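Engineer: here's a sequence, model it:
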Amino acid sequence: MGTLDSNLIFCEAQAVTATGDTASTNQYDTGNANGSGDAGETFENLWITAVCTTTATSGGSATVQAVLQNSADDATWTDVVAGKALAVAAVLAGTVMLQVQPPPGMLEYWRIAWRVGVAVLTAGNFDAWGSNTIQYNVSRNSGFTVL
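Structural biologist: Okay, the predicted model is just below:
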């Protein structure tokens with residue numbers, strides 16, 4: 001992993017269970033309060049990564065998605081980039097849910113929303129952070145799945 005600023009840690013081992021959006025435990029304030037939407041333009045080497053750290057389970061057919069959101073006022077949030085909505089059976093420890101560079105036009109405040117659909121989760125923890133590089137050494141389950 002490259003440089004990791006503690007201000008860019010959105011969450012660590014965050015338990016997510018409810019359906020709908022669960023906001024990351026922390027958000028990032030870029031300090032760009034001028035409302036011009038240019039916060040993402042200066043971060044050419046910044047990567048946002050969202051990862052499942054404890055395998056997700058559900059009593060139903062839950063789906064899980066990581067969504068990068070932004071806000072001008074830290075109250076009203078909008079989706080900027082969404083990862084693929086994964087069936088709960090595919091959300092294993094080490095699954096990268098979202099890995100993206102913030103696009104130009106990002107507003108002052110950033111967070112990750114964990115979007116759970118269809119049914120609640122009975123287990124599942126998640127990490128999300130911003131870093132100056134992509135992390136390739138995310139812990140993953142051994143073995144593979146034949147599709």
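Engineer: packing partners for the lowest-mean-pLDDT helix or strand in the chain?
Structural biologist: Within the chain, no helix or strand scores below strand 28-29, which has a mean of 91 by mean pLDDT, DSSP states H and E. Counting contacts by 3 or more Cβ pairs under 8 Å, 6 or more residues apart in numbering; DSSP states H and E, strand 28-29 is packed against strand 109-117. Every residue, glycine included, has its C-beta placed from N, CA and C.
Engineer: show me what counts as buried in the helix or strand just after the strand it packs on.
Structural biologist: Counting by DSSP states H and E, the element after strand 109-117 in chain order, helix or strand, is strand 121-131. For strand 121-131, the neighbour count (16 or more other Cβ atoms under 10 Å) marks 121, 124-131 as buried.
Engineer: quick one: the least confident helix or strand of the chain to chain centroid distance?
Structural biologist: Remark: strand 28-29 is offset 14 Å from the chain centroid, using Cα atoms, centre = their mean, to the nearest Å.
Engineer: same for the helix or strand that that strand is followed by, what does it pack against?
Structural biologist: As assigned by DSSP H and E, the chain's next helix or strand after strand 28-29 is strand 47-58. Packing contacts for strand 47-58, counted by 3+ Cβ pairs under 8 Å, 6+ apart, involve strand 9-15, strand 63-71, strand 96-100, strand 109-117, strand 121-131.
Engineer: apart from its neighbours in sequence, what residue is nearest the residue positioned nearest the centre of the chain?
Structural biologist: Centroid-nearest residue in the chain: Ala50, 3.8 Å away (criterion: Cα atoms, centre = their mean). Spatial nearest neighbour of Ala50, excluding adjacent residues (Cβ to Cβ, 6 or more residues apart in numbering): Ala66 at 3.7 Å.
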